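1. Turn this into a structure:
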Amino acid sequence: MKTSNKSYYVTTPVFNAANPPRIGQVYSSVSADTIARYRKMCKERVFFLTGAVSGFHGQEPDGKGEPDYVEVFQETWAALNLEYDKLITHRDEEHADAAAKFLSLLREKGFLYQAKFDEEKHHLSAEDPVDRNSESLHFFKLSELQEQLEGFYDDNPTFVIPQVSKTRIIGMSRQKLKDVWICQGEIGEDASSSSLRLSRWFGALIGYLSGIGYGSDENRFSESWPAAVQLVGEYAITSQALYWPSILMAAGIEPPRHILVNRKLTLQVDDEDSQPSLLAVLGALPDDVLRYVLMRYVDLENDSILRLEEVVEHANTDLSKGIAGQVARVSKMIDNFFDGRIPEPSISSAADKELIRYCQETGKLYRKHLDGLQISKALDSVWELISVVNRYLVATEPWKMVRDATKKEALGNILYNIAESMRIICLLLYPILPLSSARMLKQLGAPVKQGEITIEGLNWGGLKPGASIVSGEPVFPPLNLKKVVKVIRSGLEPVGEAGQEEFYEPLADEASINDFARIDMRVARIIEAERVPKSDKLIKMQVDLGFEKRQVVAGIGLVYDPSELAGKIVAVVANLKPAKLMGEVSQGMIVAASDQGKPSLVVFDKETRIGSRLA
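-> Just a heads-up that it's a prediction; the model follows:
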């Protein structure tokens, strides 16, 4: 479909908030968010709309108060880190005015009429709570658009994705179509002159139109419509893929370009019958894990059951041991053998050139898949590149070079190539893993701010030699299924990353009291602090031990600023042999906790006597 549209408009279903969020709704929402983030990477102007309402204007059945889970939807989307531009959450006058305007237009064009319900001529969904004997029912002449609808499907073969859904909707369009109920009541020019009860499917359509200005800001509407892609569950395919294009064409408005349908999806936590809330599941998993598994492993062509044990297995294999493990390993090697700075590349071997070529080809293939809304295939191409990087690592064997000074240049080249490949992979994964990718990019010495991640970043050479890496534990720690289930079922707040106590580093070998007595730790006050030149990590501090003053150098510069250290009362290991760090002598060691590579100083209150020994 051709369009002069300047904005990429993507929508989820407008979810019925009379029930809590379900996993299929999460799938649609994460798909939309992934597509929107990718389009932003391509420097397109994007508008992403979602919604959760217990009923549109005039929809609620009289005398019935439906449950309202709008806030639960909002909390769930926040936990998923959805980056939407508009969230429809209530029935406002803007929506009602747009509905009245659209209905008036249909009536003027002769596609809307008022009649009693006739089962032979009309279709009325069982979910629409109206009196079938009322004389104020309005029906849309779907039966008159059958030929035009079939032509539309022929001219737009990718309107419905995937193929199984397309086949189903085309089959439906070739059956005898009945006119469909659209609203009940009096139609005026705006909300104040109307008294309407809308069908749910029509109310949702109006939400997509009014959300970008239909009826209130025609310039904004013309810039955003038609929608580039609308996500929909299989249960609603009739309304979105059959009714909507018909009614839009009748009104003289171009239909959406693509309808992306997901099949029925069920989440199974364990063998228990009861199902926990999705918020509980998200609270028990590290950031982005559920996003990743949904986008890579859910089958668009068939109904699916997603088991929590599969989620944990994929997280451990693909994320913890896979990409996050590789990023942590290369960062640690650079930290150990190149003072925490990206080494200089010196491309020379065929293996180097082949790795670079594969990175560039993967970027092109990834874009082709995502342009075609095939998120799972895009991820498959990324994981094939990860396999190529692993093969390069095995072939070059950098671990054999670390103790040979004559091979340091070759070692630096290999580590640069691995780190640069992982940087490109993190960028490719950003639309799916927005939080985790940013953290891994920081580990690789390529921190980015929101809005700075663009498709041009996929070009080779983005890592700058000399840039500081942030060595630390893998962004995705390993998960233990039993403990994840326990967190979900107990309703307890997760400990660290999903309550996995095994994430703590194992205890060192047992020590005797005599071993401990050899370590002399003293309370000291930091007098002044400054950064070590040419180092982002090292801070040089002058400390007062009470009985003497001395200099201590610590690798805390990525967490602490020197200006905030002066005056702090800390613990210092005072009897370590002096050591040189980047030319600066350190007479002792500041005591700090390490939480996944991030230091946190042990600090005392000001009443503690300087020079006291820790015992």
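2. When you work out contacts or count neighbours from here on, use the C-alpha atoms and nothing else.
-> Fine.
3. where does the stretch 501-615 of the chain dip in pLDDT?
-> Scanning the stretch 501-615 of the chain for pLDDT under 70 picks out 501-515, 595-598, 605-606.
4. do the stretch 201-350 of the chain as well
-> Those would be 271-275, if you go by pLDDT under 70 across the stretch 201-350 of the chain.
5. ranges for the strands of it?
-> 229-233, 259-262, 265-268, 304-307 (DSSP state E, counting those that start in this stretch).
6. right, so of these, which gets closest to Ala419?
-> Nearest of the strands of the stretch 201-350 of the chain to Ala419, taken as CA to CA: strand 304-307 at 33.3 Å.
7. The closest one - contacts with which helices or strands?
-> Where contact means 3 or more CA pairs under 8 Å, 6 or more residues apart in numbering; DSSP states H and E, strand 304-307 is packed against strand 265-268.
8. Give the partner strands of the strand it packs on in its sheet and their orientations.
-> strand 304-307 (parallel) (DSSP bridges).
9. buried residues in the strand it pairs with?
-> 304, 306 (16 or more other CA atoms under 10 Å).
10. likewise stretch 436-455?
-> With burial defined by 16+ other CA under 10 Å, the residues of stretch 436-455 counted as buried are 436-447, 453-455.
11. Quick check: Ser173 vs Ile259, distance?
-> 16 Å (CA to CA, to the nearest Å).
12. between these two, which one's more packed in?
-> Ile259 (25 against 19; other CA atoms under 10 Å).
13. what sits against that one?
-> When the contact criterion is CA atoms under 8 Å, 6 or more residues apart in numbering, the partners of Ile259 are 159-161, 229-232, 240-241.
14. so where do the helices sit in the stretch 201-350 of the chain?
-> Along the stretch 201-350 of the chain, the segments classed as helices by DSSP state H, counting those that start in this stretch run 218-224, 237-238, 244-250, 278-283, 289-297, 308-314, 324-337, 350-371.
15. out of those helices, which comes closest to Ile539?
-> Closest approach to Ile539 among the helices of the stretch 201-350 of the chain is made by helix 324-337 (16.2 Å; CA to CA).
16. Does anything pack onto that closest one? Which helices or strands?
-> So helix 324-337, by 3+ CA pairs under 8 Å, 6+ apart, packs with helix 408-429, helix 434-443.
17. Go through these and name the closest to Tyr358.
-> helix 408-429 (9.5 Å).
18. That closest one: which residues count as buried?
-> Quick answer for helix 408-429 (16+ other CA under 10 Å): 408, 410-429.
19. For the spatially most distant residue from the centre of the chain, give me its contacts.
-> In the chain, counting by CA atoms, centre = their mean, Phe547 sits farthest out from the average C-alpha position, at 54.1 Å. Contact analysis of Phe547 by CA under 8 Å, 6+ apart lists Gly611.
20. And it, which helix or strand is it part of?
-> In the assignment (DSSP states H and E), Phe547 maps to no helix and no strand.
21. Assign Ala524 to one of the three secondary structure states.
-> At Ala524 the chain is in strand, as set by DSSP: H, G, I helix; E, B strand; the rest coil.
22. And for Glu71?
-> helix.
23. can you give me the end-to-end distance of stretch 525-544?
-> 5 Å.
24. chain center to it: distance?
-> 38 Å (CA atoms, centre = their mean, to the nearest Å).
25. Then stretch 430-442?
-> Here stretch 430-442 is found 9 Å from its chain centre; the criterion is CA atoms, centre = their mean.
26. quick one: contacts of that stretch?
-> Under CA under 8 Å, 6+ apart, the answer for stretch 430-442 is 33-38, 287-289, 291-292, 295, 324, 327, 423, 426-427, 429, 447-448, 469-470, 475-476.
27. And stretch 29-46, by the same measure?
-> Contacts of stretch 29-46 (CA under 8 Å, 6+ apart): 6-12, 47-48, 50, 80, 82-84, 230-231, 291, 295, 370, 373, 375, 430-432, 451, 453-455.
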